[in-house]
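Chemist: pasting the structure only:
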């Protein structure tokens, strides 16, 4: 590392750590691998110490802007390099043979290459800018492809290009909405029940008639459809029980907390069937995996911890001690607020990604799935020739990278 710094800093008035790592990324990865460094903390400590020592020995102006370096990204690159060294020659031959067969089998399909997509995303994120308002921020800024956006000029449209519609259709085919559920609900409440045709009937009377009607359908309906209808009836009962307490969710008196705790909470309990391994947390609860991830970054940079991310609802797997599902409520059902909705939707996407990473971290052992894991490792490594937006290519401390969560605080303090 000292020899590399000596050569790189020759003729430079000031040498910045960020520029050094960006322009000598491959050499830095190899040095970290040869010295057996692992983890962002260990790599950060070794490189910054060597950088400071080299500055003293060479008596040159070195700017150690270590907080502008994405140490996790560099650590991941070192781990990917290690994975190549662990692949034997025979495994490599199998991989090449199977990868060729895999590529040939998919050549007729209209799908974008993972390598091309990865490069497109990296290029887009290098030019992306942070936006203070989450509802206006493109999810691709956080490395999340968003097929729900209708904007033709958003990040997902740009990185997929002509492949957008084909990729969206491919994913949509796995998540088809079941229309028969809504039909069953209408049939139970109105359409096929003559006793419910009167619009003046009270909710309590309507529920009573629906219960009788449902019992009569038991012999004529398939068992699965009957179970679905019975589950829908339980949803109806929630409204009836709330009206006993004079809580009407469709009126303006009902706020977000009432809607969450009095309506959505019972629905979740019905849908999950009271599984013993589940634990529910409701209303402004802390998402542990997000807090742990952000604290790891912030404690490394300035020794300060972040405030906890608040979620409306969390389902926890108590066996493994991890969050497995999230819920966000964008106001009660009578209130239409697109600003709140889009913000919550993107908040969910970010937190679900963090939750997914915490679940993947539970995986133990080494998998040799050559078509998936090794292919992904090679693709990421070969495409990883440019710095991520977190690795600032700047030469000035004024332009250093600031995490989105700290952006507003930093801005206010500077004012």
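Modeler: Structure received. What you see is a predicted model, and the numbers here were worked out from it, not measured in a lab.
Chemist: Now for the residue nearest the centre of the chain, which secondary structure element holds it?
Modeler: Closest to where the C-alpha atoms of the chain average out (CA atoms, centre = their mean) is residue 353, at 1.9 Å. Assigned by DSSP states H and E, residue 353 falls within helix 338-360.
Chemist: Can you list the helices and strands that that helix packs against?
Modeler: For helix 338-360, the helices and strands in contact under the criterion 3 or more CB pairs under 8 Å, 6 or more residues apart in numbering; DSSP states H and E are helix 288-301, strand 322-327. Yep, even glycine has a C-beta here, placed from its N, CA and C like the rest.
Chemist: Now do the contacts for the nearest residue to residue 293 once chain neighbours are set aside.
Modeler: Of all residues beyond its chain neighbours, the one nearest residue 293 is residue 354 (5.6 Å), with distances taken as CB to CB, 6 or more residues apart in numbering. With CB atoms under 8 Å, 6 or more residues apart in numbering as the criterion, the residues that contact residue 354 are 287, 289, 290, 293.
Chemist: So which of the residues you listed wins on neighbours?
Modeler: Counting by other CB atoms under 10 Å, residue 290 has the largest number of neighbours within these, with 23 neighbours.
Chemist: my guess is it meets residue 309, correct?
Modeler: Yes. With contacts counted by CB atoms under 8 Å, residue 290 reaches residue 309, the gap being 4.4 Å.
Chemist: list residues touching both of those two?
Modeler: Jointly contacting residue 290 and residue 309 under the rule CB under 8 Å, 6+ apart are residue 351.
Chemist: distance of residue 21 from residue 44?
Modeler: Distance of residue 21 to residue 44, computed by CB to CB, to the nearest Å: 11 Å.
Chemist: Could you pull out the residues contacting both of those two?
Modeler: For the pair residue 21 and residue 44, residues contacting each of them under the criterion CB under 8 Å, 6+ apart are residue 69.
Chemist: neighbour count winner among the two?
Modeler: Between residue 21 and residue 44, counted using other CB under 10 Å, the more crowded position is residue 21 (22 against 19).
Chemist: Looks to me like that one is in a strand.
Modeler: No. The secondary structure assignment for residue 21 gives helix rather than a strand, going by DSSP: H, G, I helix; E, B strand; the rest coil.
Chemist: That one reaches residue 28, doesn't it?
Modeler: Yes. In this structure, residue 21 is within contact of residue 28 by CB under 8 Å, at 5.6 Å.
Chemist: Overlap of the contact sets of those two?
Modeler: Joint contacts of residue 21 and residue 28 (CB under 8 Å, 6+ apart) are 47, 74.
Chemist: what's the domain layout of the chain?
Modeler: The chain breaks down into these structural domains: 2-86+370-414, 91-172, 256-365 (assignment by automatic domain parsing).
Chemist: any idea of the mean pLDDT for the helix holding residue 353?
Modeler: Taken as a whole, helix 338-360 carries a mean pLDDT of 85.
Chemist: For that helix, list every residue counted as buried.
Modeler: 340, 342-351, 353-355, 358 (16 or more other CB atoms under 10 Å).
Chemist: Can you tell me which of those is nearest residue 166?
Modeler: Here the nearest of the buried residues of helix 338-360 to residue 166, counting by CB to CB, is residue 349; it sits at 22.0 Å.
Chemist: can you tell me which residues contact that closest one?
Modeler: 139, 142, 144, 146.
Chemist: and the gap between the second one and residue 217?
Modeler: The spacing between residue 142 and residue 217, counted by CB to CB, is 47 Å.
Chemist: next one: residue 20
Modeler: Distance of residue 20 to residue 217, computed by CB to CB: 73 Å.
Chemist: Just want to know which of the two has more residues nearby.
Modeler: Summary of the neighbour comparison: residue 20 and residue 217, criterion other CB under 10 Å, with residue 20 having more neighbours (24 against 17).
Chemist: now the more buried one, nearest residue through space, not along the chain?
Modeler: Once chain neighbours are set aside, the closest to residue 20 by CB to CB, 6+ apart is residue 8, at 5.8 Å.
Chemist: Strands of the chain, start to end?
Modeler: Here the chain has its strands, by DSSP state E, at 15-16, 62-63, 278-286, 310-317, 322-327.
Chemist: most tightly surrounded among those strands?
Modeler: Of all the strands of the chain, strand 15-16 has the most neighbours on average by mean count of other CB atoms under 10 Å, namely a mean of 22.
Chemist: next one: it to chain centre, how far?
Modeler: Averaging C-alpha positions (CA atoms, centre = their mean, to the nearest Å) puts strand 15-16 34 Å from its chain's average.
Chemist: neighbouring contacts of it?
Modeler: Surrounding strand 15-16, the residues in contact under the criterion CB under 8 Å, 6+ apart are 5, 8, 9, 55, 60, 61, 62, 63, 65, 394, 395.
Chemist: ok, of the contacts of residue 354, which one's closest to residue 318?
Modeler: Taking CB to CB as the measure, residue 318 sits nearest to residue 289 out of the contacts of residue 354, at 15.0 Å.
Chemist: Run through the residues that contact the nearest residue in space to the closest one that is not next to it in sequence.
Modeler: Nearest residue to residue 289, sequence neighbours excluded (CB to CB, 6+ apart): residue 358, at 3.8 Å. Neighbouring residues of residue 358 by CB under 8 Å, 6+ apart: 289, 292, 293, 322, 323.
Chemist: Let me know the closest of the residues you listed to residue 134.
Modeler: residue 293 (17.2 Å).
Chemist: Hmm, residue 357 and the closest one touching each other?
Modeler: Yes. In this structure, residue 293 is within contact of residue 357 by CB under 8 Å, at 7.5 Å.
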